[in-house]
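Engineer: 3D, please:
(one chain, ligands or ions: 1)
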Amino acid sequence: MCACPVAPDVSLITRRKPHLYCYQRGRRHLSSMNIYFCGSIRGGRQDVDIYQRIVKKLQQYGTVLTEHVSSGSLSEKGEDAGLDGDKAIHDRDVEWLMKSDVIVAEVTQPSLGVGYELGRAVALNKRVLCLFRPSSGKVLSAMIRGASTNLLFQVQDYTEDEVESILEKYFDSIAKK
Ligand SMILES: O=c1[nH]c(=O)n([C@H]2C[C@H](O)[C@@H](COP(=O)(O)O)O2)cc1CO
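Structural biologist: Here you go, the predicted structure:
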């Protein structure tokens with residue numbers, strides 16, 4: 001069954017890319033994607049409002065596995081993962097990365113965890129979109145901007161007011177491939 005918001009009750013037509021496309025109302029669109037959102041936690045929570053806007057938009061395109069990253073109640077201390085602590089967080093997130101179809105990272109606020117996730121995503125040959133706000137006055141790491149050499153790994157500069165439209169364009173472009 002198709003779990004997309006456009007056609008929740010229609011079977012998927014799976015041709016070249018199983019589970020990514022659905023044909024309903026005469027238009028092909030993405031469906032049932034697993035999306036991994038990366039954003040700074042222990043690196044600093046000052047951009048949480050924009051993370052919330054990104055996650056809300058991403059939820060139109062699929063399941064955001066890491067919705068917690070955008071939670072206003074999550075502090076710089078990170079999640080309380082119980083006895084296994086950081087190992088449980090790491091292992092769960094790597095598993096989610098492996099099962100994700102696309103990774104979207106807000107990279108303006110530098111974060112070791114986000115950098116690590118992006119490195120793992122590249123090693124896994126995943127499709128990655130990094131979003132950076134030059135208006136922050138920061139300069140993005142060369143290891144992120146410099147990795148943007150092919151369609152699979154893209155870095156997009158943006159201003160806050162255009163975040164939703166940038167995501168729309170990106171997901172439209174995926175749907176056309
Ligand atoms: O509690 C956590 N939960 C969690 O899912 N992460 C993951 C998801 C974020 O995209 C990324 C943030 O890394 P950092 O905390 O180094 O800024 O790591 C990171 C932490 C804390 O490091």
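Engineer: Strands of this structure, residue ranges please.
Structural biologist: 21-24, 27-30, 33-38, 62-64, 102-106, 127-132, 153-157 (DSSP state E).
Engineer: Okay, angle between the last one and strand 127-132 too, please.
Structural biologist: So the one you mean is strand 153-157. Interaxial angle of strand 153-157 relative to strand 127-132 (axes from the mean of the first three to the mean of the last three C-alpha atoms, to 10 degrees): 20 degrees.
Engineer: Show me the one of the strands of the chain that comes nearest the ligand.
Structural biologist: strand 33-38 (3.7 Å; C-beta to the nearest ligand atom). Placement of C-beta: from N, CA and C, glycine included.
Engineer: Please work out the average pLDDT along that closest one.
Structural biologist: Computed over strand 33-38, the mean pLDDT rounds to 97.
Engineer: nearest spatial neighbour of Leu167, skipping sequence neighbours?
Structural biologist: Lys57 (4.8 Å; C-beta to C-beta, 6 or more residues apart in numbering).
Engineer: got it, and Val104?
Structural biologist: Leu129 (4.9 Å).
Engineer: I'd like the distance between the closest residue to the ligand within the chain and Glu76.
Structural biologist: Of all residues in the chain, the one sitting closest to the ligand is Gly113 (1.9 Å; C-beta to the nearest ligand atom). Separation of Gly113 from Glu76 (C-beta to C-beta, to the nearest Å) stands at 12 Å.
Engineer: more neighbours, those two?
Structural biologist: Legend: neighbour count by other C-beta atoms under 10 Å for Gly113 and Glu76, higher for Gly113 (18 against 11).
Engineer: Overlap in contacts, Gly113 and Glu76.
Structural biologist: Ile41, Arg42 (C-beta atoms under 8 Å, 6 or more residues apart in numbering).
Engineer: any idea which of the strands of the chain is most buried?
Structural biologist: Ranked by mean neighbour count, these are led by strand 102-106 with a mean of 25 (mean count of other C-beta atoms under 10 Å).
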